[in-house]
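1. coordinates only, sequence not included:
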C-alpha cells in the first residue's frame, strides 16, 4: 500500500479477519461453517469471495456485520479500522452497521420491509446515524440517493412501497440504503443471483458507481466466477468453510494453483468458448461440514490427491513467495512450477463412441407454428370484465429436429415457460399449431394423446421440489410407467436400466430423495423422464438450481444421452453459456415473441438482433482480460409488463439500436411490427438488423 | 379504496340480515313460547294463550313465513323488534343493556389485545426459553378453563383480598352499588371497582388466545430478511424487531382481533351471568330459557351488527396496516 498505515496493528488494512471460525451448535452435532478464515480488505479495494453453496462465504460476512444468530459461536478476530468487532454488544455494533460497514443481501424481494415506503426505508438508514437530521432533509436525501442508483422519477418512486418495485429496482434501492451514510466498506452478498442477466449487468454497474462515489471498499460474495472476473481486484476462493486460494484476479484465473479452483474454472461453460469442447466435471460433492474427515476436505474429489492429503489439512501457503497469492494445497509447488500440468489435471471425459451412437434420420419431430397464449386480466368478482390481456406467448414458431437440441433463451417473464407448458399440454392451442412427429395435436383423440405423452417428457428446474419426498426413487422414476399401465416386474427392470443410464447405482433404487445430493436428484429427474423411452425431452432450466461444479456433470450426461438414444431436446434456460454448450439451434425470446433464431454458432458469434447482442454482452465471462476489454451494452429499464400495448416493435422501448437510428427509421420501429426474416445465418425480427454495428 | 370498503360493508350488511332472519326462523321452530303459560296454575284458557301469543306475534299456528314477514314489516315501518314475554319492548330492553355489554366488551377486548400482542411478541422473541414456556403453559391453562370457573376463581381471590385488607376493595356483584351516597368521583370509583373483575376475566380469556396467534405470526417474521436489513442499517435487534417485525406481524392479527371482538360476546354471556351484570349476554341466555323468540332475535341482531362493524373495521385496519392490499 502506498498510503501510510492509518490503522495501527492491522498493517493498514481496513478490514482484517483473523482465524475466524463460526460454529452452529445443532442437536445432531455442531456444524462448523467457517473454519479458520483469514483475509483482509484495504481501503477502496474490491475483493471477490467465490464459493459454492455451503462454503461458508455468507456466514463469514454475516459474522463481520455481527448479524449471525445468537446461537452461533464465533472465534478468532475481526478488526475494522484497527478495532476488534468480536465480543461487542449489539448496541455498539449497531452504531457501526450502516455507517462504517453496510451490506447488500441476495434476495431483493424479501430484504425490504413490505409496509414502509422505499423513501422511508432509506431515510431511516440516514436518521439512525444522524439524529440531528430532520425528517424533511432525510427524505430529500433519500430521493437524491434513488437518483444516484438510477431510479427514474425518484421523487415519485420514493413514495412507492417495495411491492411496487421490480426485483432490479429493489436491489437498486438496497444499494441506495447501503451507500446512504458513505460507508467505508460495502459487503455485497450475492447481489445479482436472483436477477436476470441484463438486470445483473445494470446492478453491477450501479455497484461499481456506488464504489467510485463513496470510495468504499467492496467485498463481493458470489458463486459466479464470471461476476468477479471483470470487477474485483483480488479474489478469495472458499471451499468447505476455508479459503483455499487467494490472489489477484489474473493470478487466480490464469494461474490457479489449487486443484479445486482449476476444476471450477474448467467445469464452467464459458460463453466465449462453450460448445467446442466437452465440459470437465468436478466429480463428487462438497463434504458435509457436520463431520469432516481429517485431511484436505477436497481430497476425495481431487485428481492430484496423494496419501498425505488424506491425513493433513494443508494451510494456506504462499505461491512462489508472494504472500497475497496463496493456496491451500500440499502440491502447490508442483502446480505453480508446472511439474503438475494444470490442463492435464482433470481428464476430459470421452465423447460417446460412434459405435453406440443412435442413428437418427433428420426429421421434424416437434413443430410449433404461430403459437399464441393470452391470459385475460379480469376485474370484479361477480361481473367479470376484461381490462387487459397478458400476451404471454404471442406467435411463437420453431422446429425441433430429431437428435438435435433447440435452446430457448430469454429473461424471466418472456414467456418461455408458458410456451413449453402449452406444448406439454398436447391440446389445441388458442391459436397456431403444434405438431409432434408430423401429427397436429389439435386433431388427436384422448387415447392417441395419452400414447403420445410417453414420447414427450419433461425435466424440471428444481430437483428437490419436483421429487415427492415421501416416495422412494424407484416409485418416482416408475411413475410414468404406471400411468401407461406397465406391469410391476417390468417397471422395476426398466427403473434399474435408466438409473444405470443416468449414472446412478441401481441398488440405490429404494432410497428416498433427501438422501441424494442436488446433482444426483437432477439425475433422478432425468431418469424419470427417460423411463418411458421418449423421443423428445423438454428440459426446463435443468441445471440452473445446481452448483457450478455439479452442473458440468449433468450437462455432459444430457449430451451423452442424446448421442446414445437419439433424443431431441427442447432446452429452456436463461444461462446463455449453458445453452451455447449444449444447443444446436437457439431461439431468443422477448415478450412472448422469438426475436432471433438460428444455428448456435452463428447466433452466438454474429448476433443480428439488438436484444440478442445486449443479452450476450451482459453475460459475465470468467476471464478477467476479456472481461476488462469488452464493452457492455447495458439495456435500460426493466422488461415491460406483458400487458403493455407497445405499437410496432415491442423491443423498441429498451432498444439501444432504436436510439441511434435516424427519425424515419425510428418511425418504422414505432409503427411496423417487424416480421422474422433471414439475415446472414439467423432469422431475425428487426427492421434494421443490417445496421446492427451502429450499436457497438 | 373507499369503494371497496363500501362494497364490503354492504356485503356484511346483507350477511347480517340473513343471519338475523335465520335466527328468527330457527327460534320460531325450536322455541315453544306457549309452554310458559301451560304450566301456570290455574292454566289459562287456550284462547287466552293464543291471544297473548298473537299479541307477541309468536303464535305457532301462524306460518313462520307470515310471522317473519310481520316482524320484518314492523322493524322497517316502526323500528320495532316486538315485545318480550315480560311485555317490555325488545328495543328498550336492548337500549338498557347494550351499553353495559359494550363497556365490558370494548374494555375487555382492548386490554386483551394489548396484553396478547405484548405477551405473544415476548414469547416469540424468547422462543423455547423459560419465559416463553411459562407463558405457553399459562395461556393454555386459561384457554382450557371454562369462563365461569375463571370468574368464580377471580371472585374467590377478590374475597380473600377483601378479607385480608379488611375493607371492600373489590366489588364483584352487579354493575354498581345500589343507593350509593357520595359525589361523582365516588360513583366513578364504585363503577370501576365493579368493572375490574369481569374485565379481567374477559381480558384473560382473550389475551390467552391472542398471544398464541401473535406468537406464531411473530415467529414467521423473526427470521425475515427485512429484519436483517433493518439491523444492517444500524438498528439494534430489539428496535428492528419492534419497528419492522411487530408492525408486519400485526397485519394478520387485525382480522382476528376484529372478529373475536364479536365472538367474545358468547364468552361474555357467561361472564355477565357470573358477575350478575344485566347485559346482552344475559338477555340472550334468558331469552332462550324463557322461550322468548323476539328477545332472542333481538340479541342475535345485536351480535350480527357487532360482526358487521367488526368486519368492516378489520378491512379498514388491514388496509391501513398493509399497503399491499390497498387498491
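-> It's in. Since we're looking at a predicted model, the values are computed, not measured. Residues are numbered from 1 along each chain as shown, chains lettered A, B, ... in the order given.
2. now do the SS call for residue A:597.
-> Assigned by DSSP: H, G, I helix; E, B strand; the rest coil, the conformation of residue A:597 is strand.
3. from residue A:395, how far out is it?
-> Per C-beta to C-beta, to the nearest Å, residue A:597 is found 13 Å from residue A:395. Quick note: C-beta positions are derived from backbone N, CA and C, even for glycine.
4. and these two? Which one has more around it.
-> More crowded of residue A:597 and residue A:395, by other C-beta atoms under 10 Å in any protein chain shown: residue A:597, with 24 against 16.
5. that one against residue A:685, yeah?
-> No: the criterion here is C-beta atoms under 8 Å, and residue A:597 misses it with residue A:685 at 9.3 Å.
6. for the spatially most central residue of chain A, report the pLDDT, please.
-> In chain A, the centroid-proximal residue (C-alpha atoms, centre = their mean) is residue A:193; its distance is 5.6 Å. Note for residue A:193: predicted pLDDT of 82.
7. ok, residue A:196 next?
-> So residue A:196 comes in at 84 (pLDDT).
8. what's the closest residue to it other than its chain neighbours in contact with, if anything?
-> Nearest non-adjacent residue to residue A:196, counting by C-beta to C-beta, 6 or more residues apart in numbering or on different chains: residue A:411, 4.1 Å away. By C-beta atoms under 8 Å, 6 or more residues apart in numbering or on different chains, the contact list for residue A:411 reads A:196-199, A:574, A:590, A:615, A:639.
9. how close does residue A:411 sit to chain B?
-> Going from residue A:411 to chain B by C-beta to the nearest C-beta, to the nearest Å gives 23 Å.
10. look at that residue and give its secondary structure.
-> coil.
11. also residue A:282?
-> coil.
12. equivalent analysis for residue B:277, please.
-> Three-state assignment for residue B:277 (three-state DSSP): coil.
13. quick one, what contacts it?
-> With C-beta under 8 Å, 6+ apart, residue B:277 has these contacts: B:100-101, B:104, B:174-175, B:198, B:271.
14. give me the neighbour count for residue 97.
-> The chain I'm using is chain A. Neighbours of residue A:97 under the rule other C-beta under 10 Å: 27.
15. hmm, no, I was thinking of chain B.
-> Neighbours around residue B:97, by other C-beta under 10 Å: 22.
16. show me what whichever strand or helix holds it is packed up against.
-> Here residue B:97 sits within helix B:90-125, counting by DSSP states H and E. Under the contact criterion of 3 or more C-beta pairs under 8 Å, 6 or more residues apart in numbering or on different chains; DSSP states H and E, helix B:90-125 touches helix B:130-144, helix B:184-222, helix B:247-274, helix B:280-289, helix B:293-321.
17. distance from the last one to the middle of the chain?
-> What that stands for is helix B:293-321. Centroid separation for helix B:293-321 versus its chain: 10 Å, with C-alpha atoms, centre = their mean, to the nearest Å.
18. give the residues shared as contacts by residue A:597 and residue A:685.
-> The contact lists of residue A:597 and residue A:685 share residue A:676, where a contact means C-beta under 8 Å, 6+ apart.
19. how much space between the residue of chain B found nearest chain A and residue A:66?
-> Going by C-beta to the nearest C-beta, chain A is nearest to residue B:234 of chain B, at 3.6 Å. Residue B:234 sits 11 Å away from residue A:66, going by C-beta to C-beta.
20. how does chain A divide into domains?
-> With automatic domain parsing as the criterion, the domains of chain A are listed as A:15-239, A:255-345, A:356-455+A:534-598.
21. make sure residue A:675 is actually in contact with residue A:685.
-> Yes: Residue A:675 is within contact range of residue A:685, at 6.6 Å (criterion: C-beta under 8 Å).
22. shared neighbours of those two, anything?
-> By C-beta under 8 Å, 6+ apart, no residue touches both residue A:675 and residue A:685.
23. and the two? Which one has more around it.
-> The neighbour count for residue A:675 versus residue A:685, taken as other C-beta under 10 Å, is higher for residue A:685 (24 against 10).
24. contacts only, for the more buried one.
-> Neighbours of residue A:685 in contact, by C-beta under 8 Å, 6+ apart: A:593-596, A:609, A:649, A:674-677.
25. give me the element residue A:433 is part of.
-> Using DSSP H and E, residue A:433 falls in strand A:431-436.
26. thinking again about what came up before, what comes up buried for the helix holding residue B:97?
-> For helix B:90-125, a neighbour-count test (16 or more other C-beta atoms under 10 Å in any protein chain shown) marks B:90-91, B:93-94, B:97-98, B:100-101, B:103-105, B:108-109, B:111-113, B:115-117, B:119-125 as buried.
27. and if you look at stretch A:235-244?
-> A:235-244.
28. straight-line length of it, end to end?
-> 11 Å (C-alpha to C-alpha, to the nearest Å).
29. so, low pLDDT: which residues of chain A?
-> Along chain A, the model assigns pLDDT under 70 to residues A:1-11, A:380-383, A:696.
30. the residue in it that chain B sits nearest to: neighbour count?
-> Residue of chain A nearest chain B, by C-beta to the nearest C-beta: residue A:98 (3.6 Å). For residue A:98, the neighbour count with other C-beta under 10 Å is 27.
31. now residue A:674
-> 21.
32. what distance do you get for it to residue B:171?
-> Taken as C-beta to C-beta, the span from residue A:674 to residue B:171 is 86 Å.
33. pull the contacting residues for the closest residue to residue A:607 other than its chain neighbours.
-> Residue nearest to residue A:607 in three dimensions, not counting chain neighbours: residue A:613, with 4.5 Å by C-beta to C-beta, 6+ apart. By C-beta under 8 Å, 6+ apart, residue A:613 lies in contact with A:607, A:633, A:692, A:695.
34. the second one reaches residue A:656, doesn't it?
-> It refers to residue A:633. Yes: if you go by C-beta under 8 Å, residue A:633 and residue A:656 touch, sitting 5.7 Å apart.
35. next, residue 151: secondary structure please.
-> You didn't pick a chain, so chain A it is. Looking at residue A:151 with three-state DSSP, the answer is coil.
36. swap in the one 4 residues further on?
-> Of the three states, residue A:155 takes helix according to three-state DSSP.
37. neighbours around it, how many?
-> For residue A:155, using other C-beta under 10 Å, the count is 12.
38. so who does the spatially closest residue to it that is not a sequence neighbour touch?
-> Nearest residue to residue A:155, sequence neighbours excluded (C-beta to C-beta, 6+ apart): residue A:143, at 5.5 Å. Each residue near residue A:143 by C-beta under 8 Å, 6+ apart is listed here: A:119, A:154-155, A:158.
39. coming back round to it: now the residue of chain B closest to chain A, nearest residue through space, not along the chain?
-> Distance criterion C-beta to C-beta, 6+ apart; nearest residue to residue B:234, sequence neighbours excluded, is residue A:98 at 3.6 Å.
40. can you give me phi and psi for that neighbour?
-> phi 90, psi -30 (degrees, to the nearest 10).
41. hang on, it packs against residue B:229?
-> No: using C-beta under 8 Å, residue A:98 is not in contact with residue B:229, being 9.9 Å away.
42. got any residues that touch both of the two?
-> Joint contacts of residue A:98 and residue B:229 (C-beta under 8 Å, 6+ apart) are residue A:177.
43. and residue A:249, how many neighbours?
-> By other C-beta under 10 Å, the residues close to residue A:249 number 23.
44. err, residue B:186, not the other one
-> Residue B:186: 12 surrounding residues under other C-beta under 10 Å.
45. residues from chain A in reach of chain B?
-> Proximity of chain A to chain B (C-beta under 8 Å from any C-beta of the partner chain) is limited to residues A:65, A:67, A:90-91, A:94-99, A:102-103, A:105, A:107, A:110-117, A:124-125, A:128-129, A:161, A:163, A:174, A:177, A:180-181.
46. what about the residues you listed, which are in strands?
-> Members of the residues of chain A next to chain B lying in strands (criterion: DSSP state E): A:102-103.
47. please identify which of the contacts of residue A:143 is nearest to residue A:206.
-> Closest approach to residue A:206 among the contacts of residue A:143 (C-beta to C-beta): residue A:154, at 13.6 Å.
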